Each structure stands twice: as structure tokens, then as C-alpha cells.
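Asks: all I have is the shape, not the residue letters:
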């Protein structure tokens, strides 16, 4: 016998800030109704710039509030990323984030994948890109936008170090791991 499909019988907004959080009442999962929280802050784009000639990539070491109580003290090494603005394509958002956070003006973003990073609670659909860069693409020091309250350090890393981190399970950010593996699979 086939189980009935889940049905959302009630949706209640419980928080409306940078994130929006809804509490759902869902039936059809079992014999009783269940509560689920859903967080929405829009879709995102992430980009990992790479320089084939110098065999380097650019990352950000960024403070993230949800990680403040973790052993890293809130900092995580990751590919630059941000929310896609209204009217912006995922590729445009990725290139904008590279300029804001890394200080590089890039011409073209190469789509790698689009994924749900945490489908158990987030609606976010993340678009992941690689992009070639050269030293002359640097336009400023990067570091993010002051009005967004970002604490960002730009990190240039060799391919060898990045690929060693992939092999040693040393990357703890999912989007960055996917992008690093995509670069590794290219055999550069």
C-alpha cells in the first residue's frame, strides 16, 4: 500500500529578518501531524578562481556567526559566496562576490553544479562556479563590504596544497570541497 503524500496544512512565519523562518505543520508523514522549520534567505552563488600558470586558487577565511561556538572560533576557509540579488543571474552574482570578497574582476564564470546545501532546513539553491584568474585581475584588496559586516581575509593557495586538503579531508565547507574536487578532476 502506498503512503499518502506529505501535505502542508499550515504555514506560519515565525521570524522575518535577513533570514525568514516559517513553521510548517505537515501531515502524511506518519499517523500524526509534524512541525518542520524552514529557513529562506534566497539562492546563492559561489566561485573558486584558479590560475593555471601559477597553479594557485583564491579563498576567503571568513568569520561565520553560526560557527562561533565551534573549535575554529567562527572562521572557515571557503570559496567566495553570496546571495543572488534580484534581477541578477547566478553567474553575475558569483562574479560580483569575487570582486567584493577577493578583490578580483573576472570575466567569465564556468558553471560546475547547482545543489541544495542543507535541504533538511534551507530552501537555498547554491550555484557553484570556477573562473580563471590572473594577477592583473586584482582590482583591490578584497575583504568584503563594510556595510555587510564581513570579516574576510583573502587567501591565495597552491593547487598542491588545495588538493592535499581534499585528500586529507581538510576542507570542511561543502561548496568549497565540491569546487576543489571539480578543479582536481580537470587534471590541472
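Replies: Thanks, I have the structure now. None of the values given here were measured: they were computed from a predicted structure.

Asks: off-centre distance for the longest helix along the chain?
Replies: Counting by DSSP state H, the longest helix found in the chain is helix 174-185. Counting by C-alpha atoms, centre = their mean, to the nearest Å, helix 174-185 is centred 12 Å from the centre of its parent chain.

Asks: name the helices or strands packed onto that helix?
Replies: Using 3 or more C-beta pairs under 8 Å, 6 or more residues apart in numbering; DSSP states H and E, the elements in contact with helix 174-185 are strand 44-51, strand 56-63, strand 75-78, strand 110-115, strand 126-132, helix 159-167. Every C-beta, even on glycine, is put in place using the N, C-alpha and C of the backbone.

Asks: just send these back as JSON lines, with mean neighbour count and distance to residue 23 too.
Replies: As requested, the helices and strands packed on helix 174-185 are exported to JSON lines (neighbours: other C-beta atoms under 10 Å; distance: least, C-beta to C-beta, whole Å):
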{"stretch": "strand 44-51", "mean neighbour count": "26", "distance to residue 23": "23"}
{"stretch": "strand 56-63", "mean neighbour count": "21", "distance to residue 23": "29"}
{"stretch": "strand 75-78", "mean neighbour count": "20", "distance to residue 23": "28"}
{"stretch": "strand 110-115", "mean neighbour count": "15", "distance to residue 23": "25"}
{"stretch": "strand 126-132", "mean neighbour count": "22", "distance to residue 23": "24"}
{"stretch": "helix 159-167", "mean neighbour count": "15", "distance to residue 23": "38"}
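
Asks: turn these into CSV, including mean pLDDT and distance to residue 17.
Replies: Listed next are these as CSV, based on pLDDT from 0 to 100; distance: least, C-beta to C-beta, whole Å:
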stretch, mean pLDDT, distance to residue 17
strand 44-51, 99, 17
strand 56-63, 96, 19
strand 75-78, 95, 22
strand 110-115, 98, 25
strand 126-132, 98, 20
helix 159-167, 95, 34
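
Asks: per-domain residue ranges of the protein.
Replies: Domain ranges of the chain: 7-40, 44-185, per automatic domain parsing.

Asks: okay, residue 1: pLDDT?
Replies: According to the prediction, residue 1 has pLDDT 59.

Asks: now swap in the one 5 residues further on and tell me
Replies: At residue 6 the predicted local distance difference test score is 91.

Asks: what sits against it?
Replies: By C-beta atoms under 8 Å, 6 or more residues apart in numbering, the contact set of residue 6 is 26, 27, 28, 29.

Asks: so where's this protein uncertain?
Replies: Residue ranges of the chain with pLDDT under 70: 1.
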